[in-house]
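**Student:** Sequence and predicted structure are below.
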There are 4 protein chains.
Amino acid sequence: MSSQRRARERAQRKEGILQAARAAFAESGYRRTTVEAVAERAEIGKGTIYLYFESKDAIQAELLLQALAELQAQLKAAGDNPATQRPDQKLRAMADAYLDFAQNIPDYFRLLNAYDRGDFEQGTSTQQQERLLEASNNALDLVTQAIADGMASGLFGQGDPRKMAAVLWGAMNGALSLLAHPIRRNMLPGTDGQALCLATVDLLLQGLMDQK
Amino acid sequence: MSSQRRARERAQRKEGILQAARAAFAESGYRRTTVEAVAERAEIGKGTIYLYFESKDAIQAELLLQALAELQAQLKAAGDNPATQRPDQKLRAMADAYLDFAQNIPDYFRLLNAYDRGDFEQGTSTQQQERLLEASNNALDLVTQAIADGMASGLFGQGDPRKMAAVLWGAMNGALSLLAHPIRRNMLPGTDGQALCLATVDLLLQGLMDQK
Amino acid sequence: MSSQRRARERAQRKEGILQAARAAFAESGYRRTTVEAVAERAEIGKGTIYLYFESKDAIQAELLLQALAELQAQLKAAGDNPATQRPDQKLRAMADAYLDFAQNIPDYFRLLNAYDRGDFEQGTSTQQQERLLEASNNALDLVTQAIADGMASGLFGQGDPRKMAAVLWGAMNGALSLLAHPIRRNMLPGTDGQALCLATVDLLLQGLMDQK
Amino acid sequence: MSSQRRARERAQRKEGILQAARAAFAESGYRRTTVEAVAERAEIGKGTIYLYFESKDAIQAELLLQALAELQAQLKAAGDNPATQRPDQKLRAMADAYLDFAQNIPDYFRLLNAYDRGDFEQGTSTQQQERLLEASNNALDLVTQAIADGMASGLFGQGDPRKMAAVLWGAMNGALSLLAHPIRRNMLPGTDGQALCLATVDLLLQGLMDQK
DNA sequence: CATGAATGAGCATTCATTCAT
DNA sequence: TATGAATGAATGCTCATTCAT
């Protein structure tokens, strides 16, 4: 059926716009990126974008959902790996997955960070906010559960597992953000984001395990 | 001499503009803040601002330097306190100072974070960038030194002290940023920025000390 | 012959577009009506419209000709009615016909008024303007003739019959337009367009007949 | 005081924009007139307009109020003239005033007509609509009163004076509008708006007076 | 013939910066 | 030195029209 091909082409075009927007937003930031710039990158006309998206804000919101879905999938895959049974191994695997995510799809990572900063409160509908919150909670729950398991088994010291999960999350965000900017990289020659991130996780896990 | 008084008045006027801009940027964000809004807050005419600053960007850059100088001063004061001799105590004192800085002058803290994200590459001249880099390095050096002392004295395990300093810096940034947005606070009921930050430092110091 | 059927189908399709446009223009106004909205109403594709009309303006111009032709036909029918022989009866019959036209096909009436205001000078070709002028003249001639008859028979006072025809025409337009807007209807509670129109005609005929 | 001069210059500038807009709207219609075109006509920059008016709609609304105020003043002056005591003389004087208004300030006249057609429902605030309605009612009341006087004195036949006032109003609008467009003027050689309007008033007054 | 995806000119509005006073 | 009126470049979005299928 041609309707199938039509739908596929439409989805491809939409995805093309999203990726063009992702690159453009990453390069210049949301506000500085014009709709025309996105169109040029996607090699289409300005008006065409509005055949696929309601507004510039809608593009960003859609990208955000994509980013969070992707992250959640990668975290889940890492946590579900049967080869990593021990809670500390699970946490490290998920940390690695987060690191991979931040390094392989840095635009998505930046987008999530921008959302955390509240950079586009107006651009997301209530429904989208709920979906985003749910996805975020799911992701954080995965980490929380691993920590709770570690505490229950005596591997980690006692504490609030959700708070510890937030500590991990925040610390990794911080490490990854720190080296995102060239000026900061110059301050730490010989250390890249990956190394800093791994060192952070090492130290935190060490602290967790020796806390008892 | 009247030239002295004139210079003093000029500096006061400049400072007034800077503080007005700081408050305005914090309230509405840099892009959404108009130069006119800054002028109104400073209770001067719009054109007067351009007698003291080249551009809106220049105001932001100057604020950045102020923020960094203030942070450096507070970290130095915390590290120099003779009551805290042990490296881990020094680190904790500096962490507390950073936390205080972030909480008491959140506008400055946000400004530094925004700069780290590369939000205004165009707004800073090369000279300003060098001053910023130097100030940042000085601040990081203070932390690095304390860690190096701890390693030398056997209190901490061996490692790259500058990298560890960066880990601390990044982790604290991450913890503080995480709870800056209401949506994230809702995800962590009962935990505020301070608690999260303290937990992060606890865990990292724990990790450092037990690493031997 | 199939060419006949084809021509008929083409005419039907064209008529369908015209009626869709008429309804759409009446509902939302010419500027606010998009070509796509007309296409949807006509249940055809947007591009198809351009197989039958040069432009959006051309649709409006064609509607205008239809409206004028329809009005002329109705006026002629009213004037030709053998039951109304006396000039004043003829005039009243034609006025009633105009009132019916304005009330039964308000879209056409509004279109004619819009044209009178010069709302779309650019949309009509010279040829169309000539056809429009001719149709208008024919309609006005019908009224003029009845008035001239009345003057010749001594029923009306002497005067320029064409000018009197224009007076009648303008006055009816004015009465009908006045109550087209809700705000004006609120100013005249208890009076509708029909009553106002009839009162206008009464008064004018009275004036004509008593002018001698 | 310089503040007086300042205020005067500001008012002059505002008035300049209003008159530029009046001319532009009259020439091309409201929708087809761009803000830039108004600015060029007023020989100022595009942005300057927004120092004096909230929006394009606000300019139109202000013009409307000016137009109605002007009309009301002229009608009142005509009706209050002690030289015209008899109701029919008063009515004729007010009709002359309306004719003068339409001919001397045709842009204002067109603007009022456009408002009557409901061409800009969105552009006027509720408060403005009330002011407009009140001004309209005042104007119509002047005519109604003269007709009521005529009926009371036996000069005119009995009837609903407000309805008769509306008949007069509508008929004059119709006569004036009819000849506003060149194509219509061509249909009536030798007759101009003034003649048509006067003929309309003559006929209506004749009708009123002979109605008894 | 019919379609609808693609296009880009056009528009109202904002705001950093300039400059006459 | 201080002012704020004036400016016009920049931007998100609409819609009449075209054209490949």
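**Tutor:** Ah, there it is.
**Student:** near DNA strand F, which residues of chain A?
**Tutor:** For chain A, the residues in contact with DNA strand F (C-beta under 7 Å from any atom of the strand) are A:32, A:33, A:34, A:35, A:36, A:46, A:47, A:50, A:55, A:56, A:57. (C-beta placed from N, C-alpha, C; glycine too.)
**Student:** Mark which of the residues you listed are buried, thanks.
**Tutor:** Among those, those scoring as buried are A:33, A:35, A:56 (criterion: 16 or more other C-beta atoms under 10 Å in any protein chain shown).
**Student:** that older thread, want to throw the residues of chain A next to DNA strand F into CSV with secondary structure and pLDDT?
**Tutor:** Conversion of these to CSV gives the following (DSSP: H, G, I helix; E, B strand; the rest coil; pLDDT from 0 to 100):
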residue, secondary structure, pLDDT
A:32, coil, 88
A:33, coil, 94
A:34, coil, 96
A:35, helix, 97
A:36, helix, 96
A:46, helix, 96
A:47, helix, 96
A:50, helix, 97
A:55, coil, 93
A:56, helix, 94
A:57, helix, 91
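**Student:** can you put those residues in a markdown table and add distance to residue C:40?
**Tutor:** Converted to a markdown table, the residues of chain A next to DNA strand F look like this (distance: C-beta to C-beta, whole Å):
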| residue | distance to residue C:40 |
| --- | --- |
| A:32 | 38 |
| A:33 | 33 |
| A:34 | 31 |
| A:35 | 26 |
| A:36 | 29 |
| A:46 | 24 |
| A:47 | 19 |
| A:50 | 18 |
| A:55 | 22 |
| A:56 | 26 |
| A:57 | 27 |
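**Student:** farthest pair in those residues?
**Tutor:** A:32 and A:47 (21.4 Å; C-beta to C-beta).
**Student:** which residues touch residue A:147?
**Tutor:** A:87, A:91, A:156, A:161, A:164, A:165, A:168, A:208 (C-beta atoms under 8 Å, 6 or more residues apart in numbering or on different chains).
**Student:** Where helices are concerned, which of those residues count?
**Tutor:** A:87, A:91, A:161, A:164, A:165, A:168, A:208 (DSSP state H).
**Student:** Pick the one among those residues closest to residue A:141.
**Tutor:** Among those, and counting by C-beta to C-beta, the member closest to residue A:141 is residue A:165, at 8.3 Å.
**Student:** ok, the closest one touching residue A:144?
**Tutor:** Yes - with contact defined as C-beta atoms under 8 Å, residue A:165 counts as touching residue A:144 (4.3 Å).
**Student:** for stretch A:113-132, the distance to its chain's centre please.
**Tutor:** Here stretch A:113-132 is found 14 Å from its chain centre; the criterion is C-alpha atoms, centre = their mean, to the nearest Å.
**Student:** now for the lowest-mean-pLDDT helix or strand in chain A, which elements pack on it?
**Tutor:** Across the helices and strands of chain A, the lowest-confidence element by mean pLDDT, DSSP states H and E is helix A:182-187, at a mean of 84. The contact analysis (3 or more C-beta pairs under 8 Å, 6 or more residues apart in numbering or on different chains; DSSP states H and E) places helix A:182-187 against helix B:126-152.
**Student:** Repeat the analysis, applying 10 Å as the threshold.
**Tutor:** Applying 3 or more C-beta pairs under 10 Å, 6 or more residues apart in numbering or on different chains; DSSP states H and E, we find helix A:182-187 packed against helix A:161-178, helix A:193-209, helix B:106-116, helix B:126-152, helix B:161-178.
**Student:** Show me what counts as buried in the shortest one.
**Tutor:** This means helix B:106-116. For helix B:106-116, by 16+ other C-beta under 10 Å, it's B:107, B:108, B:109, B:110, B:111, B:112, B:113, B:114, B:115, B:116.
**Student:** Dump those to JSON lines, plus distance to residue C:27 and pLDDT.
**Tutor:** What follows is the buried residues of helix B:106-116, written out as JSON lines (distance: C-beta to C-beta, whole Å; pLDDT from 0 to 100):
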{"residue": "B:107", "distance to residue C:27": "53", "pLDDT": "92"}
{"residue": "B:108", "distance to residue C:27": "57", "pLDDT": "93"}
{"residue": "B:109", "distance to residue C:27": "56", "pLDDT": "92"}
{"residue": "B:110", "distance to residue C:27": "51", "pLDDT": "89"}
{"residue": "B:111", "distance to residue C:27": "53", "pLDDT": "89"}
{"residue": "B:112", "distance to residue C:27": "57", "pLDDT": "89"}
{"residue": "B:113", "distance to residue C:27": "53", "pLDDT": "85"}
{"residue": "B:114", "distance to residue C:27": "50", "pLDDT": "82"}
{"residue": "B:115", "distance to residue C:27": "55", "pLDDT": "82"}
{"residue": "B:116", "distance to residue C:27": "55", "pLDDT": "80"}
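**Student:** For the residues you listed, work out which two are farthest apart.
**Tutor:** Put simply, by C-beta to C-beta the two of those set farthest apart are B:107 and B:116, 15.2 Å from each other.
**Student:** got the contact list for the closest residue to residue A:210 other than its chain neighbours?
**Tutor:** In this structure, residue A:210 finds its nearest non-sequential neighbour in residue B:210, 3.9 Å apart by C-beta to C-beta, 6 or more residues apart in numbering or on different chains. With contact set as C-beta atoms under 10 Å, 6 or more residues apart in numbering or on different chains, residue B:210 has these partners: A:203, A:206, A:207, A:209, A:210, A:211, B:156, B:157.
**Student:** residues contacting the residue of chain A found nearest chain B?
**Tutor:** Nearest residue of chain A to chain B: residue A:174, at 2.6 Å (C-beta to the nearest C-beta). Neighbouring residues of residue A:174 by C-beta under 10 Å, 6+ apart: A:196-197, A:200, B:113, B:116, B:166-178, B:200.
**Student:** quick one: whichever residue of chain A sits closest to chain C and residue C:58, what's the gap?
**Tutor:** Taking C-beta to the nearest C-beta, chain C has its nearest neighbour within chain A at residue A:51, 11.7 Å off. As judged by C-beta to C-beta, to the nearest Å, residue A:51 and residue C:58 stand 26 Å apart.
**Student:** do the same with residue A:116
**Tutor:** From residue A:116 to residue C:58 the distance is 55 Å (C-beta to C-beta).
**Student:** mind checking how far the residue of chain A closest to chain B is from chain D?
**Tutor:** 43 Å (C-beta to the nearest C-beta, to the nearest Å).
**Student:** Domain-wise, how is chain A divided?
**Tutor:** Split into domains by automatic domain parsing, chain A comes to A:1-53, A:56-209.
**Student:** Just confirm yes or no for the first one near chain B.
**Tutor:** Yes - legend: contact between domain A:1-53 and chain B by C-beta under 10 Å from any C-beta of the partner chain is shown at A:29, A:30, A:31, A:32.
**Student:** who wins for neighbours among the residues you listed?
**Tutor:** Ranked by the number of neighbours (other C-beta atoms under 10 Å in any protein chain shown), the residues of domain A:1-53 next to chain B place residue A:30 first, at 20 neighbours.
**Student:** The closest residue to that one other than its chain neighbours is in what secondary structure piece?
**Tutor:** Using C-beta to C-beta, 6+ apart and skipping the chain neighbours, the partner closest in space to residue A:30 is residue A:60 (6.1 Å). Element membership of residue A:60 [criterion: DSSP states H and E] is helix A:56-80.
**Student:** name the helices or strands packed onto that helix?
**Tutor:** Using 3+ C-beta pairs under 10 Å, 6+ apart, helix A:56-80 sits against helix A:2-28, helix A:35-41, helix A:46-52, helix A:87-104, helix A:106-116, helix A:126-152.
**Student:** Quick one: closest of those helices to residue B:139.
**Tutor:** helix A:106-116 (22.3 Å).
**Student:** Report the backbone C-alpha coordinates of that closest one in CSV.
**Tutor:** Taking C-alpha atoms only, helix A:106-116 is exported to CSV below (Å, rounded to 0.1, in the frame of the first residue of the first chain):
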residue,chain,number,x,y,z
PRO,A,106,25.8,14.8,23.6
ASP,A,107,23.0,16.8,22.1
TYR,A,108,20.4,14.8,23.9
PHE,A,109,22.4,15.0,27.1
ARG,A,110,22.6,18.8,26.8
LEU,A,111,18.9,19.0,26.1
LEU,A,112,18.1,17.1,29.2
ASN,A,113,20.4,19.4,31.2
ALA,A,114,18.7,22.4,29.7
TYR,A,115,15.4,21.1,30.8
ASP,A,116,16.6,20.5,34.3
